[in-house]
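J.: Would you be able to build a 3D model of this:
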Amino acid sequence: MSMRVLVVDDDDLVRVVIKRILTGCRVDTVATGAEAIALHRTRPYPLALIDVNLGDATGPVLAIRLQQIAPLHVALVTADARPSGWDGDYVSKPFELTEIVGLLDRADPRRLMRRTPR
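T.: Here you go, the predicted model:
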């Protein structure tokens, strides 16, 4: 069974590129935080890649809201260095294929099932 991944970015090209990198995974892409919340409520994801600056939310705030629904591993996607106050995974644009693929190992669904939402 392939891993389900949620990609949240308001840039169409970024969503397409990440989806192509994650060939073999079941990738859903959305452009807004509201869409991400709706999908995660319906069927939780073990991994989400979230842009730091979305039109309707910031990546860190959206990450917290998604964690409140169901545990998941989050990596922020940023054009800058590590986002201020963020101690989790992140990838900087332009990102390398290995950075994105490496996130799959850190998002082991069995480990996430033992975590509780914040």
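
J.: Please compute how far stretch 42-55 lies from its chain's middle.
T.: 4 Å (Cα atoms, centre = their mean, to the nearest Å).

J.: If you count neighbours, what's buried in it?
T.: 44, 45, 46, 47, 48, 49, 50, 51, 52, 54 (16 or more other Cβ atoms under 10 Å). Every C-beta, even on glycine, is put in place using the N, C-alpha and C of the backbone.

J.: what's the closest of the residues you listed to residue 79?
T.: Nearest to residue 79 among the buried residues of stretch 42-55: residue 52, at 7.7 Å, using Cβ to Cβ.

J.: what's near enough to touch the closest one?
T.: Applying Cβ atoms under 8 Å, 6 or more residues apart in numbering to residue 52 gives the contacts 58, 59, 60, 76, 77, 78, 79, 80, 83.

J.: Out of those residues, which is nearest to residue 3?
T.: residue 77 (17.4 Å).

J.: among the buried residues of stretch 42-55, which are in strands?
T.: Members of the buried residues of stretch 42-55 lying in strands (criterion: DSSP state E): 47, 48, 49, 50, 51.
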